[in-house]
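Student: quick check, what structure comes out for this input:
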Amino acid sequence: MKLITKLFRRSITISLNQQKKLHYPAVPDLKQLREKEEQKIDGEFVSVECKPTELLKQLMKDDQTLQSRVERIQKEFKIYEYFSSCVPTSFRDKHWLYLLKTNDIHERVRYFYFMGLTEQREANDKQKEEAKRAAKSEKFMENLEKFERGEMVYGAPGYTFLFYKRSITEFYFWNAMQLAMQEQMPRLLFDCQFLPNMQTKEYGRVLRSAGHAFFTNLESRMALPASFINVNESDPNTKNLISKHIVPSGTSDYHKHQKINPDFYRNDPFHDSKSAGRSSDERDQVIYLSK
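Tutor: Next up, the predicted model:
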């Protein structure tokens, strides 16, 4: 056991040095690592359980080889956890899948470090986001109190909305142009009837193309009024396209009502005379885009 621990400790040192070359955050030096080990010996060390997931448990019942490999990885992680400063706290199916595919202990040690580093980054990002959200909420309530006292308050929820000085003129100018051209320009249609049954690879390509076409048209000098037809509100692909790539892009919660959003239809009123109630001349002006 003593020999295995020495070899494993050497593998950890090698892998952490390799992490430094990849510009990862610096790990503690040997003195700090030794102090940390002494603290663990004094009873401050709290072990992290490297449990297999439910799916892996089901697979292990009928596979003795798989069970032995999982137990080996658990033992390796227990030693890694004792010596490392960047330890993951949870194992998912994707983590186990990667670890079971590896045949090199150095690669598994590097992956343990990567898992721990990813968790730390996610925790830091979450903490920063919560602090930012709390500061924003506090500022909002402060402005609301001033507004209720009758003071002049700039920004939400006051009398005036704040915009970037360089873009405010352009913002109102393009909105005015789009409103003026609503009845004079042909209409641009995005047909969503093919999205529900679309394959993942093709859906990603259509997602990028639709978003690019929509915002390119929106920012052009001769912007066409756009609409989305055959929209299935219960389809995840359609909801993802509209909610993440069309409506909220570049728009905060306070300013959504100031944007000119496209129209959404469950059917195709522009080519169905019964639903549209328009003359054939107006329907002939439609530029119809489909799959």
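
Student: where does the stretch 51-200 of the chain dip in pLDDT?
Tutor: The model of the stretch 51-200 of the chain has pLDDT under 70 over residues 155-175, 177-184.

Student: for it, just list every one of the strands.
Tutor: Taking DSSP state E, counting those that start in this stretch to define them, one finds strands in the stretch 51-200 of the chain at 188-191.

Student: helices of that one, start to end?
Tutor: Assigned helices in the stretch 51-200 of the chain, in chain order: 54-60, 64-83, 93-101, 105-148, 165-180, 200-219 (criterion: DSSP state H, counting those that start in this stretch).

Student: how about residues contacting the shortest one?
Tutor: For helix 54-60, the external contacting residues (Cβ atoms under 8 Å, 6 or more residues apart in numbering) are Pro52, Leu66, Gln67, Val70, Asp93, Trp96. Where you see a C-beta, it was placed from the backbone N, CA and C, and this is true even at glycine.

Student: list the contacts for Phe190?
Tutor: In this structure, Phe190 makes contact with Ala210, Ala213, Phe214, Ala226, Ser227, Phe228, Ile229, Pro262, Leu289, judged by Cβ under 8 Å, 6+ apart.

Student: by neighbour count, which of those residues wins?
Tutor: Neighbour tally across those (other Cβ atoms under 10 Å): the maximum, 22 neighbours, falls on Ile229.

Student: distance check, that one against Ile105.
Tutor: Distance, Ile229 to Ile105, using Cβ to Cβ, to the nearest Å: 57 Å.

Student: quick one, domains of this structure?
Tutor: As given by automatic domain parsing, the domain ranges for the chain are 2-122, 165-289.

Student: only the buried subset of the contacts of helix 54-60, as a ChimeraX command please.
Tutor: If you want just the buried ones from these in ChimeraX, going by 16 or more other Cβ atoms under 10 Å, the selection is:
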select :52,67,70,96
